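# build me a structure from this.
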Amino acid sequence: MPVTVHVTGGTPPYRVGGLIPAAVSFSFVEGEGEGLTDPTTFVVTPLLVSSGLELKLSFIDSQNETVTMKLTGIDGQPKIRMAPASLTVSEVDSQNIELTLFGYFGDVTAYSDNPKLLTATVDATDKSKITLKTGSQGNRCVLSETKVTITAIDANRSLAQTVVTIANNGNATVSVADPADPTKVITTTTPCPP
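Below you'll find the predicted structure:
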């Protein structure tokens, strides 16, 4: 989650030191300070944070006076969640599945780990609504019980997941009259009822 830092005192311009580019990024807030050359408000975004990890950032003025800030990673529950967290649907079901996202911030992206079976779309006007539709396979037929994980990620890079289990209904036997000879019957077995 980004942290906004407002630097005062000392002699501008300020710069930031102690950055580990893979672990944290920073930017400045435009319109703060005296333009682009003298920013006074910075946004610090941890990129790789784990419990107990400490990052020290230094804000240094033009006279090399320094103030240090420490960011510490803590354990916590995900800030967003999706409901339901899990569900089971039949492989013959073709209706859309609606999921609801709670506690998200900003834009939301959703995706399926198996887009052949299910695709995920975030509603353009209500980011809390995620719709699952039949994927590129054209149906939800599976040879055995199959789990599809749906993941939603918000602007803070928080994520929530739902596991959709597609139940295998077994093979279906379909018998129809042979159009060439109505006295004969054609029997086919499919892994998914038509």
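# going by C-alpha atoms from here, please, whenever you check contacts or count neighbours.
Noted.
# just the terminal-to-terminal distance for stretch 45-61.
21 Å (Cα to Cα, to the nearest Å).
# verify the stated contact: Ile150 with Thr165.
No: in this structure Ile150 lies outside contact range of Thr165 using Cα atoms under 8 Å: 10.9 Å.
# who has more neighbours, the two?
The residue with more neighbours, out of Ile150 and Thr165, is Ile150; 25 against 17, by other Cα atoms under 10 Å.
# quick one, what contacts that one?
Shown in contact with Ile150 (Cα atoms under 8 Å, 6 or more residues apart in numbering): 110-113, 120, 161-164.
# count the residues that sit near the residue nearest to Thr8 when sequence neighbours are not counted.
Among residues not flanking Thr8 along the chain, Thr40 sits closest, at 6.9 Å (Cα to Cα, 6 or more residues apart in numbering). The burial count assigned to Thr40 is 23, neighbours taken as other Cα under 10 Å.
# and what of Ala180?
By the criterion of other Cα under 10 Å, Ala180 has 7 neighbours.
# checking it next. Helix, strand or coil?
Here Ala180 is recorded as coil under DSSP: H, G, I helix; E, B strand; the rest coil.
# and if you look at the one 3 residues further on?
Using three-state DSSP, the secondary structure recorded for Thr183 is coil.
# contacts only, for it.
Going by Cα under 8 Å, 6+ apart, Thr183 touches Ala177.
# what's near enough to touch Ala167?
Per Cα under 8 Å, 6+ apart, neighbours of Ala167: 88-91, 142, 144-146.
# what lies in contact with stretch 88-98?
So stretch 88-98 is contacted by 129-134, 139-142, 164-169, 192-194 (Cα under 8 Å, 6+ apart).
# mind checking which of the residues you listed are buried?
Buried subset of the contacts of stretch 88-98 (neighbour count, 16 or more other Cα atoms under 10 Å): 129-134, 139-142, 164-169, 192.
# quick one: Asp93 and Ile166, what's the gap?
Asp93 is 9 Å from Ile166, by Cα to Cα.
# tell me the residues that contact both of the two, please.
In terms of Cα under 8 Å, 6+ apart, Asp93 and Ile166 are both contacted by the residues Arg140.
# lowest-confidence helix or strand of the protein?
strand 172-177 (a mean of 62; mean pLDDT, DSSP states H and E).
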